[in-house]
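J.: All I have is the shape, not the residue letters:
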């Protein structure tokens, strides 16, 4: 794999109304840097659309979006991937695939399960996992709280009433033996406000995502996670996945294989070199650059957020490749989500999950070149994002 500049992004607020097309391969007009080169030789390029709710510093955005686009892994597979950003959330994202306005998307299993429950003909499948245990409750570093049972009677923050993070924290507290009826919930969508509330003691704890921790640290608020009840962490349903339709799986299996190979290479690149990953993420989406007095400081801040997310990249089960998870552990996660009221009990696993193509190609995909790419990647000495 050679890093190249053959990439075209159409990041639009509305879905681009076009079908899967084959176009002549061209070199494109993308930016070039010290790591760019000619890329793969393609007689034809297949254009597909990837629907996202937003661009983040998680593995989903890195492995599906910024890294394979900037490092050329999609180009190596003779793919042109156009990103579309869905403004009306995950439900709208799923609807865009059902209506044929995108071929791939990023959504959690519970979103897909609920979509299938509402429309059994939706034909949406999760085909690759990108994250596992990423919900957690944290408290101030000097707090006396230790476990989820300690949340009883305390003031706890979350992003919104009924958010999955709140529901899962309550589930963990109940499993830990706590009466959750007297938890005093408060809500804010601003991480800065949550950090101030933790620091001042207004919040005794915060139920959110693992990426919140480095954001808190960025404003000098030190936190630590509460201890998850035994067995619960190992039963968490993978929280993020790549989705497509049954129709596309059936009609274009080779395109799906190419997309997955690019994602697998990008995943290994991202795991191997977090700093390079942060740079590529900000280069692809400069509007997401965190505050910093220099581009280097921005990369460092983005890297710290990515490292927090990278902790949940590796599947819970040993000797399982990123992207996969044993069916029995997936079912345990499904049962937990059903108990928490986040997923319907009427949808079977084969109605929302199909890892068959990934499991078919994964043993033969050699990602060693991507690892070397990451090790040898040199961030230019003079760069800026915005």
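T.: Right, received. Where do you want to start? Fair warning: this is a prediction, and the values are worked out from it, not measured in the lab.

J.: Now do the buried residues in stretch 144-155.
T.: 145, 147-152, 154 (16 or more other C-beta atoms under 10 Å). Quick note: C-beta positions are derived from backbone N, CA and C, even for glycine.

J.: Equivalent analysis for stretch 244-264, please.
T.: By neighbour count on 16+ other C-beta under 10 Å, the buried set for stretch 244-264 is 244-245, 248-249, 252, 255-264.

J.: Residues touching it, excluding its own?
T.: The contact list for stretch 244-264 (C-beta atoms under 8 Å, 6 or more residues apart in numbering) reads 20, 46, 48, 63-64, 68, 73-74, 76-79, 81, 97-98, 103-105, 123-125, 127-128, 242, 321-323, 354, 357-358, 360-362, 365, 367.

J.: Run through the stretch 51-200 of the chain and note the low-pLDDT ranges.
T.: Along the stretch 51-200 of the chain, segments meeting pLDDT under 70 span 54-61, 87-89, 131-134.

J.: which residue ranges form the strands in it?
T.: 79-85, 104-107, 124-131, 135-140, 155-158, 184-187 (DSSP state E, counting those that start in this stretch).

J.: Tell me the spacing between residue 227 and residue 137.
T.: Computed as C-beta to C-beta, to the nearest Å, the residue 227 to residue 137 distance reads 10 Å.

J.: what's the overlap in contacts for these two?
T.: With C-beta under 8 Å, 6+ apart, residue 227 and residue 137 have common neighbours residue 148.

J.: higher neighbour count, those two?
T.: residue 137 (28 against 16; other C-beta atoms under 10 Å).

J.: pretty sure that one is touching residue 150, no?
T.: No - proximity of residue 137 to residue 150 does not meet the contact threshold set by C-beta atoms under 8 Å, at 9.6 Å.

J.: so what sits against both of the two?
T.: Listed as contacting both residue 137 and residue 150 by C-beta under 8 Å, 6+ apart are residue 226.

J.: how does this protein divide up, domain by domain?
T.: 21-132+237-376, 135-235 (automatic domain parsing).

J.: Make JSON lines out of those domains and add distance to residue 383.
T.: Formatted as JSON lines, the domains of the chain follow (distance: least, C-beta to C-beta, whole Å):
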{"stretch": "domain 21-132+237-376", "distance to residue 383": "6"}
{"stretch": "domain 135-235", "distance to residue 383": "21"}
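
J.: so which of these gets nearest residue 385?
T.: domain 21-132+237-376 (3.9 Å; C-beta to C-beta).

J.: Pull out the buried residues from stretch 79-99.
T.: Applying 16+ other C-beta under 10 Å to stretch 79-99 flags 79-86, 90, 93-98 as buried.

J.: nearest to residue 335, of those residues?
T.: residue 90 (21.4 Å).

J.: what's the nearest residue to that closest one if we skip its chain neighbours?
T.: residue 111 (4.3 Å; C-beta to C-beta, 6 or more residues apart in numbering).

J.: Over to residue 283?
T.: residue 70 is the one closest to residue 283 (C-beta to C-beta, 6+ apart), at 5.8 Å.

J.: mind putting the strands of the stretch 51-200 of the chain in JSON lines, distance to residue 301 included?
T.: Shown next, in JSON lines, are those (distance: least, C-beta to C-beta, whole Å):
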{"stretch": "strand 79-85", "distance to residue 301": "22"}
{"stretch": "strand 104-107", "distance to residue 301": "23"}
{"stretch": "strand 124-131", "distance to residue 301": "20"}
{"stretch": "strand 135-140", "distance to residue 301": "19"}
{"stretch": "strand 155-158", "distance to residue 301": "22"}
{"stretch": "strand 184-187", "distance to residue 301": "26"}
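
J.: Nearest to residue 175, out of those?
T.: strand 135-140 (12.8 Å).

J.: check contacts around residue 334.
T.: So residue 334 contacts 109, 113, 237, 343, 349 (C-beta under 8 Å, 6+ apart).

J.: Out of these, the closest to residue 279 would be?
T.: The closest of those, once distances to residue 279 are taken by C-beta to C-beta, is residue 109, at 30.7 Å.

J.: looking at this, residue 50 is in a strand?
T.: Yes - assessed with DSSP: H, G, I helix; E, B strand; the rest coil, residue 50 lies in a strand.
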